[in-house]
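Participant: A predicted structure for the sequence below; I have some questions about it.
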Amino acid sequence: MKKIILLTLSLLVGHLTAYGQSNLWDVDGFTASQDIIIIDELPEKSEMKRGDLIFSKAKGVFSFSPINSINNRALDKLKTEASMKGASHIYITNQSVENSVFSKTSNYTARILKQKSVGKSKVENIIEGKTLTRRLERSFSRNAWKSKLSMRSGNFDLDTSNPIVEKNGKLYLKEKNSTNEFKHEIIAAETDKIIILEEKKKDSRFSTVILTIN
């Protein structure tokens, strides 16, 4: 029985890993975390759209933890959040590293930049009269070590009378009967799928969800 459970878990992990690397994430305007570009200077004139300030922190479990590994983990977390929020580039505004016997930490603050923005009319056209279905979710917490991938199912109950709302230069899909119309930010969109960002806890926990369009 134990072997069957372990085999099932192994297959599930492999299945999720395959989905995580599948072309479902290949959406125009979405940049994977490993492809996020760090720029050295913030250009005064640029076609890139400036986005949120983001923050990451990593801490060593033991005093002898390698500081390079801790710093790389903090940078990976920074790029993960940047990717989930639709960035293509980041400009690091602050970095601090503490490497002592008593504490080993690495902190980053950065401004996200978007090379491609989602057009409202484009999204309106591709979702008109269509059904949106949840397929895959990547969850992330600033306090966790890394993001988590999970399968999703069920239709996204779109408010067809007013499907898209706009606030502070961001577009949101409006869910029917939702008390928060600014919950599902549109990150990227193509004719057959949309990636949305859901903020679970302000400035702390986020999820990106792939919606397929049929």
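Facilitator: Arrived safely.

Participant: how about the helices of the chain, start to end?
Facilitator: 2-20, 67-84, 120-127 (DSSP state H).

Participant: do you know how far the residue positioned nearest the centre of the chain is from N107?
Facilitator: For the chain, the residue sitting closest to the mean C-alpha position, by C-alpha atoms, centre = their mean, is M84 at 1.5 Å. Plainly put, M84 is 19 Å away from N107 if you go by C-beta to C-beta, to the nearest Å. Heads up, the C-betas are built off the backbone N, CA and C, glycines and all.

Participant: show me the beta-bridge partners of the nearest residue in space to G29 that is not next to it in sequence.
Facilitator: Spatial nearest neighbour of G29, excluding adjacent residues (C-beta to C-beta, 6 or more residues apart in numbering): A188 at 3.6 Å. When assigned by DSSP bridges, A188 has beta-bridge partners I195.

Participant: A188 contacts V118, correct?
Facilitator: Yes: the pair A188 / V118 is scored as a contact, 6.5 Å apart, by C-beta atoms under 8 Å.

Participant: any residues in contact with both of these two?
Facilitator: Here A188 and V118 share the contacting residues 29, 86, scored by C-beta atoms under 8 Å, 6 or more residues apart in numbering.

Participant: those two: who's more crowded?
Facilitator: Each of A188 and V118 has its neighbours counted (other C-beta atoms under 10 Å); A188 has more, 24 against 20.

Participant: who are the contact partners of the more buried one?
Facilitator: 27-30, 86, 116, 118, 194-195.

Participant: from E41, how far out is it?
Facilitator: Distance from A188 to E41, by C-beta to C-beta: 26 Å.

Participant: hey, where'd the strands end up in this protein?
Facilitator: Counting by DSSP state E, the chain has strands at residues 37-39, 49-59, 89-99, 104-114, 132-141, 148-151, 155-156, 164-167, 170-173, 184-189, 193-201, 205-213.

Participant: from those strands, which stretch is densest packed?
Facilitator: Among the strands of the chain, strand 184-189 has the highest mean neighbour count (mean count of other C-beta atoms under 10 Å), at a mean of 24.

Participant: report the rounded mean pLDDT for that strand.
Facilitator: Mean pLDDT, computed over strand 184-189, is 95.

Participant: could you give the angle of it to strand 104-114?
Facilitator: For strand 184-189 against strand 104-114, the angle by axes from the mean of the first three to the mean of the last three C-alpha atoms, to 10 degrees is 70 degrees.
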